[in-house]
Every structure is written in structure tokens, then in C-alpha cells.
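Colleague: Have a look at this fold, sequence not included:
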């Protein structure tokens with residue numbers, strides 16, 4: 001019996017030519033979103049200090065965070081994300097999270113609801129990360145979301161005229177999209193603090209051009225779509241049993257052994273790696289993500305009939321962890337690609353923006369005809385800190401791309417930049 005994620009990807013391949021890695025990520029995201037309130041997994045025995053009997057076992061959430069990176073139009077990233085939006089809105093539109101992000105709004109959305117589950121999907125998320133860097137009112141959003149990802153919740157704090165908090169067990173799934181420019185605006189500190197390490201960056205190769213799929217859906221495709229949506233609805237409506245609100249996923253011995261070996265190899269790599277590397281933080285969270293993916297792949301193998309039965313436990317098998325580790329192998333390549341672009345070509349992108357600023361905002365020098373612009377125009381255009389802008393300008397000057405000019409004297413002296 002073909003699992004629901006494979007069926008979803010196969011159907012999407014017939015109606016859009018987006019990369020299968022995008023499709024599989026969205027399939028994982030949808031299953032994770034609908035499963036969160038009903039399933040949790042137990043990888044290693046643990047006893048938590050809480051009087052909530054369902055939480056004492058130390059189970060973990062199944063939420064996943066993705067960022068899909070691809071060029072506009074040719075990767076069909078937007079269309080892929082829109083299908084996930086359609087699926088969730090068709091079954092549970094109440095799960096959709098607001099795009100209006102501030103710490104206060106995030107807390108109000110959960111509104112002290114126990115085990116509250118949310119889904120935030122947004123294409124072109126560049127503005128969110130820009131705002132996170134530059135706007136004071138966004139301070140703390142990354143820390144707050146990280147707490148929710150981990151299921152820790154957030155203690156009550158004053159919001160408006162009263163106090164509100166996010167109870168433990170609340171969760172948010174995140175599916176974002178952006179162009180390959182996004183790595184150049186990401187903050188290194190957000191990796192080191194763990195926020196960005198919680199995301200799976202999905203960054204497949206640029207596809208070769210092929211004609212856009214524009215044929216009408218067939219009756220068979222419509223029937224398959226209906227069956228897939230019915231399965232998603234059954235998962236969302238699933239009831240584990242009369243005496244428990246959760247079904248627990250356990251890792252059978254072969255799957256557990258593979259997971260332990262993966263954890264061991266990751267730990268060895270962390271010990272041997274440069275502690276200053278951004279990769280160290282990503283590796284630290286990788287086994288946690290691998291567990292979640294394996295649990296989602298197991299749930300995806302349930303039939304609609306299975307979801308009509310009461311289950312208090314479910315075993316994750318070797319085939320599920322095999323699929324998970326195969327996906328993590330690709331995810332590591334994608335992460336390396338993001339970091340490489342952050343570290344090696346960020347300054348080139350910034351210099352391009354600087355030259356663009358001079359070309360668009362500047363005026364031609366009356367003698368040479370070359371475009372030039374005043375320093376006061378450059379600062380707001382670059383959307384960067386003063387020290388960072390100075391570094392970009394100095395690098396552009398050293399490369400012979402622009403010249404710095406001074407006009408006037410004393411308090412009336414002004415600095416201009418001219419294209420070389």
C-alpha cells in the first residue's frame with residue numbers, strides 16, 4: 001500500500017513540475033500539521049516532573065519547520081506552497097496563523113489554550129527576516145517561536161491589560177518560501193542561538209527548463225485528490241481512544257538502533273568539528289529532526305481504515321528511519337549551501353545593492369557623466385548597520401568599483417560615492 005506522502009508527491013508531479021523535494025517537504029508538513037494534536041513520539045525513556053499523566057512519559061512533538069528556497073517562476077515554489085495552503089484551509093482553516101508577527105500577537109494567538117496547534121505558511125518570507133533584524137518591536141519573536149517549537153510554552157507575561165501565556169504542549173508548524181537571496185539577510189547569531197537550526201532549508205538544484213504543465217486535471221486525478229484530502233481529514237479527526245488524548249509512537253529495535261547510531265556519528269562529528277562553525281549547531285539538532293521525520297513517515301503509512309480505529313501506540317520501523325535519514329542527508333547538503341552563500345557571497349550581493357543604489361538614486365556628474373550619490377542616501381537604501389555599510393563601501397572601493405568624494409568644508413562637508 002502506497003503511503004500518503006508518496007501519493008501526494010505523485011499527484012503533484014502530474015499537475016506541477018516543481019522539484020519533488022519541494023513536494024515531499026509540503027507532504028511532510030501537511031501530515032505533521034494534522035498529526036500534532038493526536039500523536040507524539042518517544043525516542044528515549046524519560047520521566048518529566050509534571051502532574052499531567054499524559055506528559056510524564058516525556059514524549060516529543062512532531063512539528064516541522066521548512067524554508068523552501070528557489071528562483072521565482074522556474075522552480076514553481078509558490079505553486080507548491082499554495083497547494084499546502086489549500087489542503088490545510090480545506091480541512092482546518094482555524095489552524096492558520098497570522099502574518100502579523102509581534103511577541104504580543106504570537107502569545108494572543110495561543111491565548112492560553114492547552115495543546116493549541118497552529119500552522120504558519122508564507123511565501124516570500126524575506127520581509128519577515130528583515131523585520132526581525134531591524135525592528136525593535138520584533139525583539140524576542142525568534143526566542144518565543146523556539147520555545148513553542150520545543151513544546152516548552154512560555155510563562156505568563158503582561159499583554160495589553162492582562163496576563164497571558166503559551167501553555168506547554170502548544171505547537172506551531174512553519175512553512176516558508178523565499179528566493180536564494182534569503183541567506184544573505186539571515187543573521188549568524190540566529191543560527192548560534194538555535195532559532196534557524198530548527199528549520200529544514202530545502203534548496204534543490206535549479207531545474208532545466210521544460211514546458212509548464214497546463215493540461216486540465218483528469219477524472220482520475222480528481223478522484224486521487226479527493227481520496228488524499230479525505231485521508232488528511234481522517235488524520236485531523238482521529239481519536240486515539242477514550243482514556244487518552246495521545247497516541248504514542250515508539251521506535252522498534254532496528255529503527256532505534258539506527259537512530260542511536262546516527263546520534264553517535266553526529267556527536268563524533270560535533271566533537272571533531274570547529275566549535276565556531278555554524279554547522280555544529282545544525283548537527284546538534286539533526287537527530288531531533290530525524291526522529292520527527294521518521295515518526296511522520298510512519299503515520300503516513302496508516303490507511304484511512306487505520307485512522308478509524310483507536311490506537312494508544314504505534315511502532316516506527318526501519319523503513320521509516322531509512323527514509324528519514326535519506327531526507328536528512330539531503331537536508332545537510334542544503335544547509336551547507338545556505339551557509340556557503342552566507343559566508344562567501346554575501347558581500348558581493350551587498351556590493352551589488354550599493355551599485356544599484358548609486359545607479360538608481362544617483363545623479364550624473366556634470367563632467368564625467370558617471371552616476372554619484374550622497375552618503376545620506378546610501379544608508380537607508382542598504383538596510384544594514386552603519387558599521388556593515390562602511391565595510392561594504394570600503395570593499396567596493398578596494399575593488400575599484402566606486403570612488404569616494406568629499407565636497408565642501410567644515411560642517412557643510414558632504415561625502416559622495418561615484419561609480420568608477
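Modeller: Cool, got the structure. If you're wondering where the values come from, they're calculated on a predicted model, not measured in any experiment.
Colleague: Show the low-confidence segments of the protein, by residue range.
Modeller: Along the chain, the parts satisfying pLDDT under 70 run over 43-59, 99-101, 111-115, 153-165, 208-215, 241-245, 344-347.
Colleague: Is the closest residue to residue 379 other than its chain neighbours within a helix or a strand, and which one?
Modeller: Of all residues not flanking residue 379 in the chain, residue 389 sits nearest, at 6.1 Å (Cβ to Cβ, 6 or more residues apart in numbering). In this view, the C-beta of every residue, glycine as well, is placed from N, C-alpha and C. Residue 389 belongs to helix 386-398 when assigned by DSSP states H and E.
Colleague: What residues does residue 378 make contact with?
Modeller: By Cβ atoms under 8 Å, 6 or more residues apart in numbering, the contact set of residue 378 is 354, 357, 358, 389, 393, 417.
Colleague: same for the helix or strand hosting residue 86, what does it pack against?
Modeller: Assigning secondary structure by DSSP H and E places residue 86 in helix 77-91. Applying 3 or more Cβ pairs under 8 Å, 6 or more residues apart in numbering; DSSP states H and E, one finds that helix 77-91 contacts helix 20-35, strand 65-69, strand 117-122, strand 171-178, helix 219-237.
Colleague: Could you dump these into TSV and include distance to residue 187?
Modeller: As requested, those are exported to TSV (distance: least, Cβ to Cβ, whole Å):
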stretch	distance to residue 187
helix 20-35	23
strand 65-69	14
strand 117-122	18
strand 171-178	15
helix 219-237	35
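Colleague: For residue 131, which of these is the nearest?
Modeller: In terms of Cβ to Cβ, the element of the helices and strands packed on helix 77-91 nearest to residue 131 is strand 117-122, at 12.2 Å.
Colleague: ok, then the element right after that closest one?
Modeller: Toward the C-terminus from strand 117-122 - assigned by DSSP H and E - lies helix 126-134.
Colleague: ok, residues contacting that next one?
Modeller: Under Cβ under 8 Å, 6+ apart, the answer for helix 126-134 is 101, 122, 138, 141-142, 176, 178-179, 181-182, 185-187, 190, 383.
Colleague: how about stretch 175-186: buried residues?
Modeller: For stretch 175-186, the buried set under the neighbour-count rule, 16 or more other Cβ atoms under 10 Å, comprises 175, 176, 177, 178, 180, 182, 183, 184, 185, 186.
Colleague: Then stretch 337-355?
Modeller: 337-339, 341-342, 346-347, 349-351, 353-355.
Colleague: swap in stretch 13-23?
Modeller: Applying 16+ other Cβ under 10 Å to stretch 13-23 flags 15, 16, 17, 18, 19, 21, 22, 23 as buried.
Colleague: These: which two are farthest apart?
Modeller: 15 and 21 (16.9 Å).
Colleague: Now do the end-to-end distance for stretch 391-406.
Modeller: Criterion Cα to Cα, to the nearest Å; first-to-last residue distance in stretch 391-406 is 18 Å.
Colleague: roughly how far is it from the heart of the chain?
Modeller: 36 Å (Cα atoms, centre = their mean, to the nearest Å).
Colleague: try stretch 399-416
Modeller: The answer for stretch 399-416 is 42 Å, by Cα atoms, centre = their mean.
Colleague: Same question for it: list its buried residues.
Modeller: For stretch 399-416, by 16+ other Cβ under 10 Å, it's 401, 402, 416.
Colleague: cool, and stretch 323-340?
Modeller: 323, 324, 325, 327, 328, 331, 334, 335, 337, 338, 339.
Colleague: how far away is the third one from residue 202?
Modeller: Plainly put, residue 325 is 16 Å away from residue 202 if you go by Cβ to Cβ, to the nearest Å.
Colleague: got the contact list for stretch 307-322?
Modeller: 39, 41, 231, 234-235, 237-242, 244, 247-252, 254-255, 258-259, 290, 294-295, 297-299, 301-302.
Colleague: what about it, start to end distance?
Modeller: Across stretch 307-322, first to last residue, Cα to Cα, it's 24 Å.
Colleague: Likewise for stretch 367-377?
Modeller: 21 Å.
Colleague: How far does it sit from its chain's centre?
Modeller: 40 Å.
Colleague: Then stretch 382-400?
Modeller: 30 Å.
Colleague: buried residues in it?
Modeller: Buried residues in stretch 382-400 (16+ other Cβ under 10 Å): 382, 384, 389, 392, 393, 395, 396.
Colleague: what's residue 26 in contact with, if anything?
Modeller: Contacts of residue 26 (Cβ under 8 Å, 6+ apart): 8, 12, 66, 80, 81, 83, 84, 175.
Colleague: In JSON lines, list these along with distance to residue 129.
Modeller: Listed next are the contacts of residue 26 as JSON lines, based on distance: Cβ to Cβ, whole Å:
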{"residue": "8", "distance to residue 129": "28"}
{"residue": "12", "distance to residue 129": "27"}
{"residue": "66", "distance to residue 129": "15"}
{"residue": "80", "distance to residue 129": "20"}
{"residue": "81", "distance to residue 129": "17"}
{"residue": "83", "distance to residue 129": "24"}
{"residue": "84", "distance to residue 129": "20"}
{"residue": "175", "distance to residue 129": "15"}
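Colleague: Just give me the closest of the buried residues of stretch 337-355 to residue 60.
Modeller: residue 338 (25.3 Å).
Colleague: Looks to me like the closest one is in a helix.
Modeller: Yes. The assignment for residue 338 (DSSP: H, G, I helix; E, B strand; the rest coil) places it in a helix.
Colleague: Next up, the contacts around it.
Modeller: Going by Cβ under 8 Å, 6+ apart, residue 338 touches 69, 183, 186, 201, 203.
Colleague: leaving aside the residues next to it on the chain, what's closest to residue 188?
Modeller: Closest to residue 188 by Cβ to Cβ, 6+ apart is residue 278, at 6.8 Å.
Colleague: Quick check, the one you found in contact with residue 192.
Modeller: Yes. Taking contacts as Cβ atoms under 8 Å, residue 278 lies within contact range of residue 192: 7.3 Å.
Colleague: Kindly provide the distance from residue 92 to residue 229.
Modeller: Distance from residue 92 to residue 229, by Cβ to Cβ: 11 Å.
Colleague: related to what we said a few turns ago, quick check: angle from the helix or strand just after the helix holding residue 389 to helix 386-398?
Modeller: Going down the chain from helix 386-398, the next helix or strand is strand 402-407, by DSSP H and E. Angle, strand 402-407 to helix 386-398, by axes from the mean of the first three to the mean of the last three Cα atoms, to 10 degrees: 110 degrees.
Colleague: So what are the sheet partners of the next helix or strand after strand 402-407 and their directions?
Modeller: The helix or strand immediately downstream of strand 402-407 is strand 414-419, counting by DSSP H and E. Next to strand 414-419 in the sheet, as set by DSSP bridges, lie strand 371-374 (antiparallel), strand 402-407 (antiparallel).
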